[in-house]
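Asks: Here's my sequence, what's the structure:
(one chain, ligands or ions: 1)
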Amino acid sequence: MNLRRLSLRSAATAALLACLAAAPAMQAPPPAPYTVLLPEGRQPLAVRVIGGQEMFALDELAKLFDLTVREDTLAGGLAISTKTQTIALTPGQGLASVGGRVISLPAPPARDGRAWFVPVDFVPRALGPALGTRLELRRPSRLIIGGDLRVPRIATQADPQPAGLRLTFNVAPATPHTVTQEGSRLVVKFDAHALDANLPASPSPELVPSIRAAETGAGIEIDLGPRFASFRAADAPGDRGAGRIVLDLVAAGETTAAKPVPEPAVDPPPLLELTPVTGLRTIVIDAGHGGDEHGARGPQGTLEKDVTLAVARRLKGAIEARLGARVILTRDGDQTVGLDERAAVANNNKADLFLSLHANASARPAASGAEVFYLSLADYGEEAQRAAQSSVPVPVLGGGVRDIEVIRWEMAQARHIDESAKFAGLVEGALRERVPMSVRALQQAPFRVLVGANMPAVLVEMGFISNPEQEKQLASEAFQGSLVQALLDSLVRFRDTRGGQEPLLPAGIGN
Ligand SMILES: [Zn+2]
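Replies: Numbering: from 1, shown residues only. This is a model prediction of the structure:
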């Protein structure tokens, strides 16, 4: 499919576009600058909103990262050079080329007078690879973190208790720390370069007047008020490599009267996510292919479209029975459904999750095992290139055109990549417990069906239908049951990470 012929198939897509287009007209206050944390120190980096996109001035990046920027007036492109690599940008194109690899950006570079601006995602996606280092962009906390700096994320919750106040710090990843009383404050010090912490106002000012980040070093300072009597600190493991610090602050006069404070391991306080998220209320299951599109065909004639529909139907039943979530299938029969229509079903129903089911095929009959994908345009492995659904001509700096397997980075999925990656990891882990996995079990690829999904979205290749043994498995009740159970487990685990919902039912489905 040619880039210019991408059509807007759904009202949801159109509405999303309209809302993006309206964004710059709303005159939001200027965005807060980012802070760049590098081994050499920290620097503020101003950001501007242009065309609804947060952008950095190329000149500022050049100063900060020692880059040379050259404008190719003849070809109309920009060449940004590090000591070893050059990034090519083309005005009007939301793409960058780094050492011949094409990387997608959410918007083209923008010009204001003589100054050029690039989307903030340019830093992790293009500049990091060109510098040969990791540059992590944490949009919610306005941070760019370079190299191997340790900057744990800390989500804090303050819960009033009968005896005083409980502060819970969820620290991801778990980081060595100390808790000490220094005069009229408690100090939690972390073995880290900096903290990425959200700290709430104290709900008990008499006990704790304020909670704030330490001015130097990676620490949190908790001021102690007139009612403070004593404290107790306990560590508990958090989820997925996170650590949890539970600080109980006991108020004067409450010590003897108060009920014993429950152990954190017995009564873990709910996690507070850095960004507000809801649970899983609506899940869209996409049975790949259908109708005229058979998908892959096994040596015995088993069709991918039949396997995906069978698993989708069973999974729907299992989710409804066990999670109480609403499940919508993109097709519940043997009909053809367009790739964009599938994401539109999810968008129109405001789904919290999109899960696309497929079966793989390879010219190598021995190829076997499940693979889990989430969207990428930055990785162009061979598998990903085969998986790409469209080819667009990309102008090359200095003139000429070449064909590259790429899909334009459209509006929706970019915002959910982190959550999609998290879900993909959980799916991979849950599948691994029950079915054979490919050597490349977790990958990113530019699957067209995921691009327009405005929610976390993952595609599962459940096995290789081209492999005679796996073809038999994929068609069997028992194997499909294992797949359903594993996918259900991953949904429960993902829902556990999102909170804000009624207690979970047990995950077993009894077959
Ligand atoms: Zn398929």
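Asks: residues from this structure in reach of the ion?
Replies: Gly288, Gly295, His358 (C-beta under 5 Å from the ion). From N, CA and C alone the C-beta is placed, and that goes for glycine too.
Asks: Scan those and report the most crowded one.
Replies: Gly288 (28 neighbours; other C-beta atoms under 10 Å).
Asks: What separation is there between Gly217 and Ala192?
Replies: 9 Å (C-beta to C-beta, to the nearest Å).
Asks: Tell me the pLDDT of the residue in the stretch 401-511 of the chain that the ion sits nearest to.
Replies: The minimum distance from the stretch 401-511 of the chain to the ion, using C-beta to the ion, falls at Glu461 (7.2 Å). Note for Glu461: predicted pLDDT of 96.
Asks: Just want the phi and psi numbers for it.
Replies: Backbone torsions of Glu461, given as degrees, to the nearest 10, read phi -90, psi 110.
Asks: how about it, what does it touch?
Replies: The neighbours of Glu461, taking C-beta atoms under 8 Å, 6 or more residues apart in numbering as the test, are His358, Ala359, Asn360, Ala370, Glu371, Val372, Phe373, Ser438.
Asks: and Leu37, what element?
Replies: Taking DSSP states H and E as the criterion, Leu37 maps to strand 34-38.
Asks: Give the pairing partners of that strand; include direction for each.
Replies: Take DSSP bridges as the rule and strand 34-38 pairs in its sheet with strand 41-45 (antiparallel), strand 143-146 (parallel).
Asks: Show me the least confident stretch of those strands, going by mean pLDDT.
Replies: strand 41-45 has the lowest average pLDDT among the strands paired with strand 34-38, namely a mean of 86.
Asks: Show me which residues of that strand are buried.
Replies: Leu45 (16 or more other C-beta atoms under 10 Å).
Asks: Over to stretch 350-366?
Replies: For stretch 350-366, by 16+ other C-beta under 10 Å, it's Ala351, Asp352, Leu353, Phe354, Leu355, Ser356, Leu357, His358, Ala359, Asn360, Ala361, Ser362.
Asks: okay, which residue is most central for the protein?
Replies: Asp418 (0.8 Å; C-alpha atoms, centre = their mean).
Asks: Distance of Ile80 relative to the ion?
Replies: Note on Ile80: its distance to the ion, by C-beta to the ion, to the nearest Å, is 38 Å.
Asks: Specify the beta-bridge partners of that residue.
Replies: When bridges are called by DSSP bridges, Ile80 pairs up with Val69, Ile87.
Asks: close enough to count as contact, it and Val69?
Replies: Yes: if you go by C-beta atoms under 8 Å, Ile80 and Val69 touch, sitting 5.3 Å apart.
Asks: which one of the two has more residues nearby?
Replies: Neighbour totals were compared for Ile80 and Val69, and Ile80 leads with 26 against 15 (other C-beta under 10 Å).
Asks: Straight-line length of stretch 195-204, end to end?
Replies: 24 Å (C-alpha to C-alpha, to the nearest Å).
Asks: In the stretch 251-400 of the chain, where is pLDDT below threshold?
Replies: For the stretch 251-400 of the chain, applying pLDDT under 70 flags the ranges 254-278, 377-400.
Asks: all helices of it, in order?
Replies: Listed in chain order, the helices of the stretch 251-400 of the chain (DSSP state H, counting those that start in this stretch) span residues 304-322, 339-348, 382-387.
Asks: tell me what the longest one is packed against?
Replies: Okay, so that is helix 304-322. Where contact means 3 or more C-beta pairs under 8 Å, 6 or more residues apart in numbering; DSSP states H and E, helix 304-322 is packed against strand 282-287, strand 326-329, strand 353-360, strand 457-464, helix 477-498.
Asks: Mind listing the strands the shortest one pairs with, and their directions?
Replies: For strand 326-329, the paired strands and their directions (DSSP bridges) are strand 282-287 (parallel).
Asks: And for the strand it pairs with, what's in contact with it?
Replies: With C-beta under 8 Å, 6+ apart as the criterion, strand 282-287 contacts 305, 308-309, 311-313, 315-316, 319, 325-331, 342, 345-346, 349-357, 449, 491.
Asks: ok, Gly217 and Ala192, which is more surrounded?
Replies: The neighbour count for Gly217 versus Ala192, taken as other C-beta under 10 Å, is higher for Ala192 (20 against 13).
Asks: Tell me which residues touch that one, please.
Replies: When contacts are counted by C-beta under 8 Å, 6+ apart, Ala192 touches Arg150, Val151, Pro152, Thr175, Ala218.
Asks: Need those residues in a markdown table (columns: pLDDT, secondary structure and neighbour count).
Replies: Converted to a markdown table, those look like this (pLDDT from 0 to 100; DSSP: H, G, I helix; E, B strand; the rest coil; neighbours: other C-beta atoms under 10 Å):
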| residue | pLDDT | secondary structure | neighbour count |
| --- | --- | --- | --- |
| Arg150 | 86 | coil | 15 |
| Val151 | 88 | coil | 20 |
| Pro152 | 90 | coil | 23 |
| Thr175 | 86 | coil | 19 |
| Ala218 | 87 | coil | 22 |
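Asks: Verify the assumption that the residue nearest to the centre of the chain is located in a helix.
Replies: Yes: checked against DSSP: H, G, I helix; E, B strand; the rest coil, Asp418 lies within a helix.
Asks: Next, work out how far apart it and Ile222 are.
Replies: Distance of Asp418 to Ile222, given as C-beta to C-beta: 30 Å.
Asks: Next: Pro203.
Replies: Remark: distance between Pro203 and Ile222 (C-beta to C-beta) = 13 Å.
Asks: Compare the two (neighbour count), which wins?
Replies: Set Pro203 next to Ile222 and count neighbours by other C-beta under 10 Å: Ile222 wins out with 24 against 11.
Asks: surely the more buried one meets Leu167?
Replies: Yes: Ile222 lies in contact with Leu167 (C-beta under 8 Å); the separation is 7.0 Å.
Asks: Report the set of residues contacting both of these two.
Replies: Common neighbours of Ile222 and Leu167 (C-beta under 8 Å, 6+ apart) are Val208, Ile211, Leu247, Leu249.
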